[in-house]
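Peer 1: Could you look at this predicted model? Sequence included:
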Amino acid sequence: FKASIGRHQVIGAYNMFWTNGGYDGVVFDFGAPADKFSGKLGYGDVGNYANAPGVKTGISKELLLIDLNYKLSDKLSLNGAYYGAANTDVYPFEVWTLGFQAKLAQDWKLTAAYFENNANYAKDYDYNSDPNGWYADLWYKGANKAVVGSWGLNLNYRQAKPYALDWSNVSGVFANSMTSGNNALGVKGWGFQANYTVSKNAVLTATYESLKRTYGGFDDSVKPFYYVQMNVYF
């Protein structure tokens, strides 16, 4: 059991909730890595923060976070999570998610999840559809920053309607594209990725995505997006 208080990063729901240090509050973590059941409970403010220490922009966005995990076996685990605002008129998110992670074979891993936002504003925003979505993320191997020459290949698909997630607080397959960062537009499409450890603690990653918008019940194509990045760990 662990408790943390202050400004720090909080991650839940297989990266569908991710704060980059901009979380002021308290988080209780319970469960050891070997335990079948583990989780976290948090309450705090995920307002937007500037890079300068102590400088805050935007409005206060207080929310409750619940993230629960259960291991059915060494190859299959389940996740259920929720993050909801104390005031949905200010921060229109009451998102719940259900997902799983499965080891399909020695070098294959699949992560998938469904999510839905029950806040009234999100439901009323686009009368043609409910604010929900799903994604699947398949990896073959994967670069290990400590092992030079290790590598991995990835294929993923996502479909998220407007306001299904808080795009300012996501990571993984949702945060790597030009379509991220706008709650009102939604996104769906394929992503491909490869990574390679070029030296110890240095990982090269190449990403390509072919996506569309999902706003208003029609598809709006986005030009294919690709980039190469190098991550160096200290």
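Peer 2: Cool, got the structure. Numbering: from 1, shown residues only.

Peer 1: Quick check: what element follows the helix or strand bottoming out on mean pLDDT in the chain along the chain?
Peer 2: In the chain, the helix or strand scored least confidently by mean pLDDT, DSSP states H and E is strand 220-221, which has a mean of 65. Remark: after strand 220-221, the chain's next helix or strand is strand 225-232, criterion DSSP states H and E.

Peer 1: That following strand pairs with which strands, and in what direction?
Peer 2: Strand 225-232 has its sheet partners listed here by DSSP bridges as strand 202-213 (antiparallel).

Peer 1: In contact with the nearest residue to residue 7 once chain neighbours are set aside, which residues are there?
Peer 2: Computed as CB to CB, 6 or more residues apart in numbering, the closest residue to residue 7 that is not its neighbour in sequence is residue 24, at 5.1 Å. Glycine gets a C-beta too; all of them are placed from N, C-alpha and C. By CB atoms under 8 Å, 6 or more residues apart in numbering, the contact list for residue 24 reads 6-7, 44-45, 47.

Peer 1: can you do 6 Å?
Peer 2: 7, 44-45 (CB atoms under 6 Å, 6 or more residues apart in numbering).

Peer 1: Let's have the residues you listed in a markdown table, adding pLDDT.
Peer 2: Output for the contacts of residue 24, formatted as a markdown table (pLDDT from 0 to 100):
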| residue | pLDDT |
| --- | --- |
| 7 | 85 |
| 44 | 92 |
| 45 | 89 |
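
Peer 1: Throw those into TSV and include distance to residue 16, secondary structure and neighbour count, thanks.
Peer 2: Conversion of the contacts of residue 24 to TSV gives the following (distance: CB to CB, whole Å; DSSP: H, G, I helix; E, B strand; the rest coil; neighbours: other CB atoms under 10 Å):
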residue	distance to residue 16	secondary structure	neighbour count
7	21	strand	15
44	17	strand	22
45	19	strand	18
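
Peer 1: one step back: quick check: beta-bridge partners of the residue nearest to residue 7?
Peer 2: Beta-bridge partners for residue 24, by DSSP bridges, are residue 7, residue 45.

Peer 1: Quick check: it vs residue 44, distance?
Peer 2: Distance, residue 24 to residue 44, by CB to CB, to the nearest Å: 5 Å.

Peer 1: helices or strands next to whatever helix or strand residue 139 lives in in the packing?
Peer 2: Residue 139 is part of strand 132-141, with elements assigned from DSSP H and E. Here strand 132-141 touches strand 108-117, strand 151-160, going by 3 or more CB pairs under 6 Å, 6 or more residues apart in numbering; DSSP states H and E.

Peer 1: could I get these as TSV with mean pLDDT and distance to residue 172?
Peer 2: Output for those, formatted as TSV (pLDDT from 0 to 100; distance: least, CB to CB, whole Å):
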stretch	mean pLDDT	distance to residue 172
strand 108-117	97	8
strand 151-160	95	8
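
Peer 1: can I get the ones you listed in a markdown table with distance to residue 124 and mean neighbour count?
Peer 2: Converted to a markdown table, these look like this (distance: least, CB to CB, whole Å; neighbours: other CB atoms under 10 Å):
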| stretch | distance to residue 124 | mean neighbour count |
| --- | --- | --- |
| strand 108-117 | 11 | 19 |
| strand 151-160 | 18 | 18 |
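
Peer 1: Let's have those strands in TSV, adding distance to residue 87.
Peer 2: Putting the helices and strands packed on strand 132-141 into TSV (distance: least, CB to CB, whole Å) gives the following:
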stretch	distance to residue 87
strand 108-117	15
strand 151-160	23
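
Peer 1: closest to residue 189 out of those strands?
Peer 2: Nearest to residue 189, of all the helices and strands packed on strand 132-141, is strand 151-160, at 7.0 Å by CB to CB.
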